[in-house]
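Asker: next comes the sequence, and after it the predicted model I'd like to discuss.
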Amino acid sequence: MTTARIELPPKLIPVFSGDYRYRGSYGGRGSGKTRSFAKMSAIRGYIFAEAGIEGVILCGREFMNSLSESSMEKVKQAIKSELWLDNYYEMGENYIRTRNRRVWYMFSGLRHNIEYQIQGAYSDSVDR
């Protein structure tokens with residue numbers, strides 16, 4: 001088993017401990033939440049893909065009308081900050097996915113029509 005040492009703000013370590021399907025955090029700006037969630041989502045994607053689990057990592061914001069308003073660039077930066085993650089993922093202008101194509105990212109606004117948007121985007125990405 002391979003291990004990696006990951007740096008996280010001490011306040012966020014409990015958020016990523018334990019086996020939970022959903023994780024969240026709140027608070028002011030500048031506490032490292034976005035960067036930590038971006039990096040840990042990529043690590044979870046790695047773990048799942050290596051275990052043969054296929055799926056989507058959904059990154060949501062209350063309001064988002066385009067990828068430029070999403071956290072996609074933060075996720076890309078987090079992946080690039082760790083050589084082993086950078087080697088494991090492929091990233092394009094409009095996508096992030098594991099090289100084995102088992103796990104991929106979706107970015108969505110959560111305020112309006114989330115069910116329709118996500119189901120439609122999922123069916124559009126079947127050919128990943």
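Answerer: Here it is on my side, so go on.

Asker: tell me which residues of the helix or strand where residue 45 lies come out buried.
Answerer: If you go by DSSP states H and E, residue 45 is part of helix 33-50. Neighbour-count burial for helix 33-50, with 16 or more other Cβ atoms under 10 Å as criterion, is recorded at 33-43, 45-46, 48-49. For the C-beta atoms, the positions are set from N, CA and C on the backbone; glycine is no exception.

Asker: what comes up buried for stretch 56-63?
Answerer: Those would be 56, 57, 59, for stretch 56-63 by 16+ other Cβ under 10 Å.

Asker: tabulate the residues you listed (JSON lines), appending pLDDT, distance to residue 16 and secondary structure.
Answerer: Converted to JSON lines, the buried residues of stretch 56-63 look like this (pLDDT from 0 to 100; distance: Cβ to Cβ, whole Å; DSSP: H, G, I helix; E, B strand; the rest coil):
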{"residue": "56", "pLDDT": "92", "distance to residue 16": "19", "secondary structure": "strand"}
{"residue": "57", "pLDDT": "91", "distance to residue 16": "14", "secondary structure": "strand"}
{"residue": "59", "pLDDT": "81", "distance to residue 16": "16", "secondary structure": "strand"}
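
Asker: distance of residue 78 from residue 52?
Answerer: Distance of residue 78 to residue 52, computed by Cβ to Cβ, to the nearest Å: 24 Å.

Asker: looking at these two, which one has more neighbours?
Answerer: For residue 78 versus residue 52, neighbours defined as other Cβ atoms under 10 Å are more numerous around residue 78 (22 against 8).

Asker: any idea which element that one lies in?
Answerer: Applying DSSP H and E, one finds residue 78 within helix 72-80.

Asker: distance between that helix and the chain's centre?
Answerer: Taking the mean of its C-alpha atoms, helix 72-80 sits 9 Å from the chain's own mean (Cα atoms, centre = their mean, to the nearest Å).
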